[in-house]
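Asker: For reference, the sequence and a predicted model appear below.
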Amino acid sequence: MAQCLLAAADAPPRLEITETQHQEFPAGGELDVKHLAGELTIEGWDRPELEITTVKYTPEEYTGKDREKASKLLQETHVTAARNGDRVVVETSGPKHSRFLLLTFGIRVDVDYRIKVPRSARLVVNHRSGEVHIIDVDGDIRASARDGLITLMLPPKGQYAIDASSTVGDVYSDFPGAKHDKSWRFSHSFTDSNQSAAHKLYLRIKFGDIMIGKDQ
């Protein structure tokens, strides 16, 4: 046992790069996040600007030449925020020869996003694998993921038209609406088609749960 603990203590730390960028956000604009693998957190705040903090890291520890390759891959992984009119698109790009997520030479890089955006912003999120957390944003929200988890913590007095569905998973909501169990027992949805609602929520996940809560 002592030998195992010593080996763990001597193991090199995972590689990690943290970066933060700021830019002006258009009033009443839309934030479009195209994310691959990792955790995404979007939080509303009072400032009229966008703050993006990204943590690029290797989920596994590497040594020798693999560590050099992993470090190079981190450097070649870029997160950009491009404005087009009232829309800001945030996306991640890796080396051209990386075909699956950010996986190259058997080395994987994940990117965690921590984004702050004006509360009134509209959100569009296209996520592949991992968790999506949206906190205190009261604009329209469209969020989809292949697998993982989608959670929303929304202003409790907000009025929302909800259309949420999981192919293999469940949907939970603190807001009023109707829950539906589809013909396939693992598939669930939740809807509130209140046409007078101020904001619309469209949420989809293939493998995982959706949780819609009230931010206290």
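Answerer: Yep, that arrived.
Asker: Name the spans of this protein whose pLDDT lies under the cut-off.
Answerer: In the predicted model, the chain carries pLDDT under 70 at residues 1-12, 95-105, 182-187, 193-196.
Asker: Show me it divided up by domain.
Answerer: Domain assignment for the chain by automatic domain parsing gives 14-137, 141-216.
Asker: Let me have these in JSON lines, adding mean neighbour count as columns.
Answerer: For glycine as for every other residue, the C-beta is placed from the backbone atoms N, C-alpha and C. Below are the domains of the chain laid out as JSON lines (neighbours: other Cβ atoms under 10 Å):
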{"stretch": "domain 14-137", "mean neighbour count": "17"}
{"stretch": "domain 141-216", "mean neighbour count": "17"}
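Asker: got a list of contacts for stretch 150-159?
Answerer: Residues from elsewhere that reach stretch 150-159 (Cβ atoms under 8 Å, 6 or more residues apart in numbering): 131-138, 141, 143, 160, 175, 194, 196-199, 201, 203, 205, 208-216.
Asker: In strands, which of the residues you listed appear?
Answerer: Under the assignment DSSP state E, those contribute 131-135, 141, 143, 160, 199, 201, 203, 205, 208-214 to strands.
Asker: Return the residues in contact with the most centrally placed residue in the chain.
Answerer: Centroid-nearest residue in the chain: Leu40, 2.8 Å away (criterion: Cα atoms, centre = their mean). Leu40 makes contacts with Val33, Asp112, Tyr113, Ile115, Val125, His127, Gly130, Glu131, Val132, His133, as judged by Cβ under 8 Å, 6+ apart.
Asker: Could you name the helices and strands sitting against the strand or helix carrying the third one?
Answerer: Counting by DSSP states H and E, the element that carries Tyr113 is strand 110-118. Using 3 or more Cβ pairs under 8 Å, 6 or more residues apart in numbering; DSSP states H and E as the contact criterion, the elements in contact with strand 110-118 are strand 30-37, strand 40-45, strand 49-57, strand 87-93.
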